[in-house]
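Visitor: A predicted structure for the sequence below; I have some questions about it.
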Amino acid sequence: MSRYLGASPGVLVAVDLPPGPAWLDVLKDLWSDGVSFLPLDRRLSERERRAVVELAAPASIISEGDEVLFADPAPIDPEQAAIVVATSGTAGAAKLVEHSRAAVTAAVGLSFGALGPSVGQVTLDPAEPWVACLTPAHVGGLLVLLRELIFASPVTVLERFDAATLVERAPAGAHVALVPAMLRRLVEIDADLSALGVLLVGGGALDAELRDAAARLGARVVTTYGLTETCGGIAYDGRPFDDTQVRIDGGQVELHGPTLMGGYRHDPAATATVFALDGWLRTGDAGAVDDDGLLVVHGRLDEAIRTGAETVWPQEVERVLRDHPKVADVAVAGRPDPEWGERVVAFVVPADPKGPPTLEELRAHASERIARFKAPKDLVLLSDLPRTASGKLRRRALPG
């Protein structure tokens with residue numbers, strides 16, 4: 001019997017807490033009692049949060065010092081949907097991904113072995129410490145907490161990410177899951193990263209220059225690829241987890257394995273669309289498998305820019321432009337062009353608004369590093385870029 005009102009196997013409970021150690025206590029109770037749970041993202045607007053709750057139809061919401069009961073919760077299978085996690089919603093309204101207890105356990109367990117080749121052929125011991133500094137409302141942050149719940153890995157939970165605080169509070173050898181922006185902040189303060197364990201970096205493309213800079217500070221960086229629908233990362237440095245299969249169909253990455261979601265909660269049409277008839281998950285990402293069997297992801301299929309007879313991937317151009325000294329942040333997207341079909345447009349947040357880069361400067365910089373047809377043909381200056389609460393670029397929200 002759970003100590004939380006309305007919490008029992010067969011219904012969903014939403015957890016609405018600020019990041020911090022309290023999450024571990026609540027989730028331990030729910031997990032051990034077999035109660036399905038949905039972490040809510042406190043960074044969302046009230047309207048966005050209400051939409052998630054209405055779609056999820058939980059029995060109750062657990063918040064600081066309070067619990068809210070709902071009269072008519074929707075049922076849920078506690079084995080087939082042990083956790084429900086909202087997608088980041090970069091292409092529209094968020095969907096609610098259901099993962100079974102088996103998928104969650106596989107996602108955490110397989111990651112220990114997958115890290116072995118990246119750290120000197122030594123498989124990591126679940127007893128080694130971790131630091132949680134990502135929001136538990138997204139699968140990358142939630143998985144760090146689940147390491148303690150399922151495998152008793154000691155986890156230090158930070159209330160918020162701060163580069164200096166992370167280095168100061170992390171136990172010796174602690175492993176950390178980060179997004180690229182967090183790694184950049186660690187590099188910017190010249191943090192000694194040699195005392196940390198593996199830095200798992202996901203949630204976006206990682207610049208080679210940033211990875212090299214982190215390595216010079218002693219970091220052991222491992223890039224991750226995965227989706228909320230795959231229960232987080234399923235490939236480390238391009239190498240898929242054991243029992244995870246990858247195929248490329250029409251240029252699209254498709255996946256099959258033990259960590260795939262059961263489906264989207266209360267959205268059978270979307271579930272049917274994302275799965276092929278033979279059960280493989282369509283990721284929506286373009287990619288390839290190289291001669292060494294490593295997965296190479298180019299970007300979202302619907303973000304590819306078709307200019308003339310060429311295909312330009314925005315992430316490749318962004319990586320190059322981000323290295324320009326006058327660029328603080330950048331996004332690249334295609335816009336209609338009467339001659340070429342689409343043209344490459346750079347949306348730039350200048351490092352100094354009084355001295356922004358010119359289009360000619362950016363084109364010259366890019367053309368030294370990538371093919372000239374990939375260089376931007378237009379420049380739009382912005383004060384900031386549209387991003388989700390987790391920091392992912394909302395490319396479709398860029399000015400038209």
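Guide: On my side now, so go ahead. Residues are numbered from 1 along each chain as shown.

Visitor: all contacts plus neighbour counts: C-alpha atoms, from now on.
Guide: Fine.

Visitor: Assumed Leu196 was part of a strand.
Guide: No. Looking at Leu196 with DSSP: H, G, I helix; E, B strand; the rest coil, it is coil, so not inside a strand.

Visitor: That one contacts His175, doesn't it?
Guide: Yes. Contact criterion CA atoms under 8 Å: Leu196 and His175 qualify, at 6.3 Å.

Visitor: What segments of this protein are helices?
Guide: Along the chain, counting by DSSP state H, helices occupy 22-32, 46-56, 101-114, 139-151, 163-169, 180-188, 208-216, 268-274, 314-321, 359-367.

Visitor: Determine which of those helices approaches Pro399 most closely.
Guide: Of all the helices of the chain, helix 314-321 sits nearest to Pro399, with 15.5 Å by CA to CA.

Visitor: quick one: contacts of the closest one?
Guide: 205, 207, 298-299, 303-305, 327, 330-333, 362, 365-366, 369-370, 374-375 (CA atoms under 8 Å, 6 or more residues apart in numbering).

Visitor: filter those to the buried ones?
Guide: 205, 207, 298-299, 303-305, 327, 330-333, 362, 365-366, 374-375 (16 or more other CA atoms under 10 Å).

Visitor: How about the contacts made by the closest residue to Gly355 other than its chain neighbours?
Guide: Counting by CA to CA, 6 or more residues apart in numbering, Lys326 is the residue found nearest to Gly355 once chain neighbours are left out, at 7.7 Å. With contact taken as CA under 8 Å, 6+ apart, Lys326 is in contact with 350-352, 355-357.

Visitor: Go through these and say which is closest to Asp72.
Guide: Pro350 (50.6 Å).

Visitor: For Val53, give its distance to Gly116.
Guide: 39 Å (CA to CA, to the nearest Å).

Visitor: hang on, the earlier thing: filter the contacts of Lys326 down to the buried ones and hand me the PyMOL line.
Guide: This is the PyMOL syntax for the buried subset of the contacts of Lys326, where burial follows 16+ other CA under 10 Å:
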select buried, resi 350+351+356+357
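
Visitor: Run through this protein and note the low-pLDDT ranges.
Guide: Applying pLDDT under 70 to the chain flags residues 1, 89-92, 117-123, 389-390.

Visitor: Domains in the chain, by residue range?
Guide: What automatic domain parsing lists as the domains of the chain is 12-225, 304-397.

Visitor: Can I get these in JSON lines including distance to His266?
Guide: Shown next, in JSON lines, are the domains of the chain (distance: least, CA to CA, whole Å):
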{"stretch": "domain 12-225", "distance to His266": "7"}
{"stretch": "domain 304-397", "distance to His266": "23"}
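
Visitor: quick one: which of the ones you listed is nearest Val253?
Guide: Per CA to CA, nearest to Val253 of the domains of the chain: domain 12-225, 11.4 Å.

Visitor: Figure out how far the closest one is from the centre of its chain.
Guide: Counting by CA atoms, centre = their mean, to the nearest Å, domain 12-225 is centred 10 Å from the centre of its parent chain.

Visitor: now swap in stretch 216-228 and tell me
Guide: Mean C-alpha position of stretch 216-228 versus that of the full chain (CA atoms, centre = their mean) differs by 12 Å.

Visitor: one step back: put together a markdown table for the contacts of Lys326, with distance to Pro126 on each row.
Guide: Formatted as a markdown table, these follow (distance: CA to CA, whole Å):
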| residue | distance to Pro126 |
| --- | --- |
| Pro350 | 44 |
| Ala351 | 42 |
| Asp352 | 46 |
| Gly355 | 50 |
| Pro356 | 48 |
| Pro357 | 48 |
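
Visitor: Ser45: how many residues sit nearby?
Guide: 11 (other CA atoms under 10 Å).

Visitor: if I look at it, how far off is Thr388?
Guide: Going from Ser45 to Thr388 by CA to CA gives 11 Å.

Visitor: Likewise for Gly400?
Guide: 18 Å.
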